[in-house]
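S.K.: what would the 3D arrangement of this be:
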Amino acid sequence: MAQDTTNQRRNIFITGGASGIGRAIARHFGERGWFVSIADINATGMEDTLGLIEGGFKYSHNLDVRDRAAWDTALEAAATAGGGRIDVVVNNAGIGTGGSLHELETEEIDRCLDINLKGVLYGAQAAYPYLQKTAPGSALLNIASAAGIAGSAGMSVYCATKFGVRAVSESLDAEWADDRITVASICPSFIETPLLDGTGNRGSNEQIRDRVKAAGLEITPVEEVAQAAWDAVHGDKLDYYVGKTARQMAFGKRWMPGRVRKQLKTSARPLGR
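M.R.: Numbers count the residues shown, from 1 in each chain. As a prediction, the model looks like this:
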């Protein structure tokens, strides 16, 4: 198992750390000797995540990513707990939403935009001074999605947020270049997380998992996203595609955009991450 060897234990701060992708990243880095700081609004879930990480190099903090001031408090506390530094911030917290745009309530639209996109912007803004201090070697990782590669019917709001996350990453990759802070977006397709057990649509009782299986698409182990996060911290790419569907979509959008557009128009039902 690869480990980082530095004079001081490095500290990773992960939002949405109570389950799914956030939990997998926390375990992956914790197993490799990092101090792990997680944030979420689910205290029980965070406790469960920390229970899976051996040793005492871990910390949790209640954080609603929509609250800009709360970001400053959370990062300051995590830095103090982790020895006075933060080396990596992972903007992972997010929610799914689906359904035809004309059917969505204003509250649904606002909540998805606030958590998935504004939360990423707030996180990046708050993280900057910490990452600047630990650069080079520091990194901002934004969890995007295959839904940020191609827009699907019934997913306009969710896709808008994930396209936006990729845009934020690309902008900051240039903006922070002189600071030598690594910036990357990670784009998973259908990952084995609790999100698959939801409907993503208030008007449907059918689970996303069932729709993915019916479409013959693969469900990728969540550990592959954690490995992509590790690779992003230690690599120099901007986009990391996780899962066969995400890689094929990225290839198709680049080389066969007309075919992808036709496939999206003729898809029987919309699908999410």
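S.K.: next, count neighbours for Gly252.
M.R.: Gly252 has 17 neighbouring residues, counting by other CB atoms under 10 Å. Backbone N, C-alpha and C define where each C-beta goes, glycine included.
S.K.: got it, and Ala246?
M.R.: Neighbour number of Ala246 under other CB under 10 Å is 27.
S.K.: any idea where the strands of the stretch 101-250 of the chain begin and end?
M.R.: 139-143, 182-188, 239-242 (DSSP state E, counting those that start in this stretch).
S.K.: can you say which of the ones you listed is nearest to Arg32?
M.R.: Among the strands of the stretch 101-250 of the chain, the nearest to Arg32 by CB to CB is strand 139-143 (14.5 Å).
S.K.: centre of the chain to the closest one, how far?
M.R.: Chain-centre distance of strand 139-143: 7 Å, with CA atoms, centre = their mean, to the nearest Å.
S.K.: name the helices or strands packed onto it?
M.R.: If contacts are counted by 3 or more CB pairs under 8 Å, 6 or more residues apart in numbering; DSSP states H and E, strand 139-143 sits against strand 88-91, helix 119-134, helix 156-175, strand 182-188, helix 223-234.
S.K.: which strands and helices sit next to the shortest one?
M.R.: Contacts defined by 3+ CB pairs under 8 Å, 6+ apart place strand 88-91 against strand 11-15, helix 20-30, helix 119-134, strand 139-143.
S.K.: tell me the average confidence for the longest one?
M.R.: With pLDDT averaged residue by residue, helix 119-134 scores 98.
S.K.: re the thing from before, got CSV for the strands of the stretch 101-250 of the chain, with mean pLDDT and mean neighbour count too?
M.R.: Listed next are the strands of the stretch 101-250 of the chain as CSV, based on pLDDT from 0 to 100; neighbours: other CB atoms under 10 Å:
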stretch, mean pLDDT, mean neighbour count
strand 139-143, 98, 26
strand 182-188, 97, 26
strand 239-242, 96, 22
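S.K.: in CSV, list those strands along with distance to Thr106.
M.R.: Below are these laid out as CSV (distance: least, CB to CB, whole Å):
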stretch, distance to Thr106
strand 139-143, 25
strand 182-188, 28
strand 239-242, 32
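S.K.: of all these, which lies closest to Ala74?
M.R.: Once those are compared by CB to CB, strand 139-143 is nearest, at 15.2 Å.
S.K.: now the angle from the closest one to helix 223-234?
M.R.: Taking axes from the mean of the first three to the mean of the last three CA atoms, to 10 degrees, strand 139-143 and helix 223-234 form an angle of 150 degrees between their directions.
S.K.: re the thing from before, among the helices and strands packed on strand 139-143, which is the most enclosed?
M.R.: strand 88-91 (a mean of 29; mean count of other CB atoms under 10 Å).
S.K.: any idea how far the residue most central in space within the chain is from Gly16?
M.R.: Closest to where the C-alpha atoms of the chain average out (CA atoms, centre = their mean) is Ile143, at 2.3 Å. Taking CB to CB, to the nearest Å as the measure, Ile143 falls 8 Å from Gly16.
S.K.: which neighbours do those two share?
M.R.: 92, 94 (CB atoms under 8 Å, 6 or more residues apart in numbering).
S.K.: and the helices and strands packed on strand 88-91: which comes nearest Glu105?
M.R.: helix 119-134 (19.7 Å).
S.K.: quick one: low-confidence residue ranges for the stretch 51-200 of the chain.
M.R.: 191-200 (pLDDT under 70).
S.K.: let's go with 90 and repeat that
M.R.: Scanning the stretch 51-200 of the chain with the threshold set as pLDDT under 90 gives 55, 96-101, 146-155, 189-200.
S.K.: count of residues packed around Arg261?
M.R.: 14.
S.K.: going by neighbour count, list what's buried in stretch 29-44.
M.R.: 29-31, 33-40 (16 or more other CB atoms under 10 Å).
S.K.: show the end-to-end separation of that stretch, please.
M.R.: The straight-line separation of the ends of stretch 29-44 (CA to CA, to the nearest Å) is 21 Å.
S.K.: just stretch 133-153 next, same as before
M.R.: Stretch 133-153 has its terminal residues 43 Å apart, counting by CA to CA.
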